[in-house]
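Asker: Sharing a model prediction with you, sequence too.
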Amino acid sequence: MSLSGKLPRAGLGSLVLIAAVLGGGVVAFAYTAGWLSPGRLTPERMIEAFAPPSGAALGHRRNHAKGICFTGTFEANGNGAELSRAKVFEQGRYQALGRFNLGTTDPNAVDATVRVRGLGLQITAADGEEWRTAMINPPFFAVSTPQAFHDLLIASGKKDPEAMKAFIAANPEFSAFAAWAKTAPWTGSYAEEPYHSLNSFIFTDAKGRDRTVRWSLLPSAQPVPVSQADLEKRGPDYLEQEITERIRAAGPLRWTMVTTVAEPGDPTADPSKAWPENRRKVQVGTLIVQRIEPERDGPCRDVNFDPTVLPQGIRVSDDPFPAARSSVYRRSYDLRAAEAKDYPRTGTAKP
Amino acid sequence: MTNAPRRFALIQRLLHWLMAVCILAMLFIGAGMVSTVAPKYLPLILVHKTLGFTLLILVLIRLALRLYYGAPPLPADLPGAMKLGARLSHQLLYGLMIVMPLLGLGMLWAAAYPVVLYGGFQIPALLPQSDGVHTLLWNAHVYLGFAFFALVLLHVAAGLFHALVRRDGVFETISLLRPRNRMTAAE
């Protein structure tokens, strides 16, 4: 091979070409990874926006950080099979695992200071196929898009009152949520709350027909309104004590799972918009909560209630939130798993 | 190496270029999917899982082919340091092709995520949930992913160096096209 003769000139051009290929590769990779796009809404930025001024509570979920585990059964009545071929809708009893929680970044928050309550749920079919969902008690979501939710977190974290005014001006859908937060009665129990998927999903039936739906868990317990001040007097962790005591004294708690079917033109992509009341509703089963366990050593601790873990027969719709939640929950899980020593299990804390 | 082949067998060359495209796609999809909250996050992660598992099977086939067919020798006049670099980098590339999908699978298992591929194909978990194992495997997957990309770039640079600067026939051993001239016949 004539390394000596032609190399200098032909070689120089070739070396420049090689350098250009490598440089281009590195730049393309950096762009893909978001390193060149400070404005891109990444899971990291979303999680930074959640963090309180004092910093995130290490070892805990980055939002809905305060919670308590439950286990029980999902009893499908078979009506859901008409809407979706998911196995969990075939008449039968399926293992359920979940978590009652508060929409706060502080795992030690005083119950009466947190407006939004939630329920994370995992239903497992007989063959192990999982359905995970994370629901909250307001009847519609605060904002229309993940970007607006990020902006809400930033604005509400600012001391300047103009920040929230500017946010509401830019995201008028928030007013309905603010009105709900102000006027909806508080209750003194996780058992008295409804929980809503808010996001829409697509159910596919055995014939391959798609329907866009949302689902809710409606409590069989009668809600008893309580003022925020009275709730505060009951203690900072009243809700966890109450649900534990209620099941000990009165036995399992029940919620009816209701799916609501959208009609053409309904706002399926916008969880801040409720669908009209007269939409078809199908009761698909009952969630029976049988046992409560503290989160620290409980079975829900290790579960990421990622709403995109769906069985065959359910898939995401044009609602942009489930994907965003999945991405951010994954990051939250990665972080808290790496910080497990900051939230030690009792077994490991005292050997 | 008396009957060593002059080029890789056609099936080896086809597999090399197919996997090259897929691995590059995997590296870019991996970097892209973890930096977005957009709806495309879900299809990206589904493709990443499905393609990753497929590549694990392909690399096993490729190793078997390599053992069966062997590899053409490097040019006799290649400096010793470059020969060593070639051998080490190829071993590392094979190692990463095997380890990366296993780390990916393991970190999902250790996080108690069901591993569901395209078409609903579910891979049963072989590891229990564990914070420590998840963190270890997740870190390894991420940092070895960066190392993999760097190594791929090095491999591309070396390939181009052989093809354009040394013109020593090494690139032609893996090229899908027929060598255009008899440059390879340095002997």
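Answerer: Nice, I can see it.

Asker: From A:Pro322, how far out is the closest residue to A:Arg325 other than its chain neighbours?
Answerer: Of all residues not flanking A:Arg325 in the chain, A:Pro307 sits nearest, at 5.5 Å (C-beta to C-beta, 6 or more residues apart in numbering or on different chains). C-beta: built from backbone N, CA, C; applies to glycine. According to C-beta to C-beta, to the nearest Å, A:Pro307 stands 5 Å off from A:Pro322.

Asker: could you show me where the helices are in chain B, in order?
Answerer: For chain B, the helices defined by DSSP state H occupy B:10-33, B:41-69, B:80-110, B:131-160, B:170-174.

Asker: Also the stretch 51-200 of chain A?
Answerer: Counting by DSSP state H, counting those that start in this stretch, the stretch 51-200 of chain A has helices at residues A:146-156, A:161-170, A:174-183.

Asker: So which bits of the longest one are buried?
Answerer: Spelled out, it's helix A:146-156. The neighbour-count check on helix A:146-156 (16 or more other C-beta atoms under 10 Å in any protein chain shown) flags A:146-153, A:155 as buried.

Asker: Just want the angle from that helix to helix A:161-170.
Answerer: Here helix A:146-156 points in a direction 160 degrees away from that of helix A:161-170 (axes from the mean of the first three to the mean of the last three C-alpha atoms, to 10 degrees).

Asker: hmm, who's touching helix A:146-156?
Answerer: Contacts to helix A:146-156, defined as C-beta atoms under 8 Å, 6 or more residues apart in numbering or on different chains, come from residues A:41, A:45-46, A:49-50, A:142-143, A:163-164, A:166-167, A:170-171, A:173-174, A:320-321, A:324, B:37.

Asker: if we can go back for a sec, need the winner for burial among the helices of chain B.
Answerer: The densest packing among the helices of chain B, expressed as mean neighbour count by mean count of other C-beta atoms under 10 Å in any protein chain shown, is seen in helix B:170-174 with a mean of 19.

Asker: For that one, name the packing helices and strands.
Answerer: With contacts taken as 3 or more C-beta pairs under 8 Å, 6 or more residues apart in numbering or on different chains; DSSP states H and E, helix B:170-174 sits against helix B:10-33, helix B:131-160.

Asker: Make CSV from those and add mean pLDDT and distance to A:Ala33 to it.
Answerer: Below are those laid out as CSV (pLDDT from 0 to 100; distance: least, C-beta to C-beta, whole Å):
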stretch, mean pLDDT, distance to A:Ala33
helix B:10-33, 98, 4
helix B:131-160, 98, 9
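
Asker: Save those as JSON lines, and put in distance to B:Gly120 too.
Answerer: Shown next, in JSON lines, are those (distance: least, C-beta to C-beta, whole Å):
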{"stretch": "helix B:10-33", "distance to B:Gly120": "20"}
{"stretch": "helix B:131-160", "distance to B:Gly120": "24"}
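
Asker: In CSV: the helices of chain B, plus distance to A:Tyr238.
Answerer: Output for those, formatted as CSV (distance: least, C-beta to C-beta, whole Å):
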stretch, distance to A:Tyr238
helix B:10-33, 41
helix B:41-69, 38
helix B:80-110, 35
helix B:131-160, 30
helix B:170-174, 69
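
Asker: With respect to A:Thr268, which of the ones you listed lies nearest?
Answerer: Smallest distance to A:Thr268 across the helices of chain B (C-beta to C-beta): 16.2 Å, for helix B:41-69.

Asker: where's that closest one relative to the chain centroid, distance-wise?
Answerer: Centre-to-centre, helix B:41-69 and its host chain are 8 Å apart (C-alpha atoms, centre = their mean, to the nearest Å).

Asker: go on, stretch B:152-170?
Answerer: With C-alpha atoms, centre = their mean, you get 17 Å for stretch B:152-170.

Asker: I'd say B:Val133 and B:Asn139 touch.
Answerer: No. If you go by C-beta atoms under 8 Å, B:Val133 and B:Asn139 don't touch, sitting 11.0 Å apart.

Asker: Let me see the contact set for the closest residue to B:Ile98 other than its chain neighbours.
Answerer: Counting by C-beta to C-beta, 6+ apart, B:Val59 is the residue found nearest to B:Ile98 once chain neighbours are left out, at 5.7 Å. B:Val59 makes contacts with B:19, B:94, B:97-98, as judged by C-beta under 8 Å, 6+ apart.

Asker: A:Gln290 sits in which helix or strand?
Answerer: Element membership of A:Gln290, judged by DSSP states H and E, is strand A:281-294.

Asker: Please compute how far that strand lies from its chain's middle.
Answerer: 18 Å.

Asker: same for that strand, what does it pack against?
Answerer: So strand A:281-294, by 3+ C-beta pairs under 8 Å, 6+ apart, packs with strand A:66-76, strand A:92-102, helix A:238-250, strand A:253-261.

Asker: hmm, who's touching it?
Answerer: Under C-beta under 8 Å, 6+ apart, the answer for strand A:281-294 is A:68-77, A:79-80, A:82-83, A:89, A:96, A:98, A:121, A:215, A:217, A:240, A:243-244, A:247, A:252-261, A:299-300.

Asker: Narrow the residues you listed to those that are buried.
Answerer: Among the contacts of strand A:281-294, the ones that count as buried by 16+ other C-beta under 10 Å are A:68-77, A:80, A:83, A:89, A:96, A:98, A:121, A:215, A:217, A:240, A:243-244, A:247, A:253-261, A:299-300.

Asker: Would you point out which residue is most central in chain A?
Answerer: The centroid of chain A falls nearest to A:Ala134 when counting by C-alpha atoms, centre = their mean (4.6 Å).

Asker: okay, and for the chain, where does confidence drop off?
Answerer: Going with chain A. Counting by pLDDT under 70, chain A contains low-confidence ranges at A:1-10, A:348-351.

Asker: Let me rephrase: I mean chain B.
Answerer: Across chain B (using pLDDT under 70), the flagged ranges come out as B:1-3, B:179-187.

Asker: related to what we said a few turns ago, isn't the residue nearest to the centre of chain A up against A:Gly120?
Answerer: Yes. Contact criterion C-beta under 8 Å: A:Ala134 and A:Gly120 qualify, at 4.6 Å.

Asker: Could you name every residue contacting both of these two?
Answerer: Taking C-beta under 8 Å, 6+ apart as the criterion, A:Ala134 and A:Gly120 both touch A:64, A:305.
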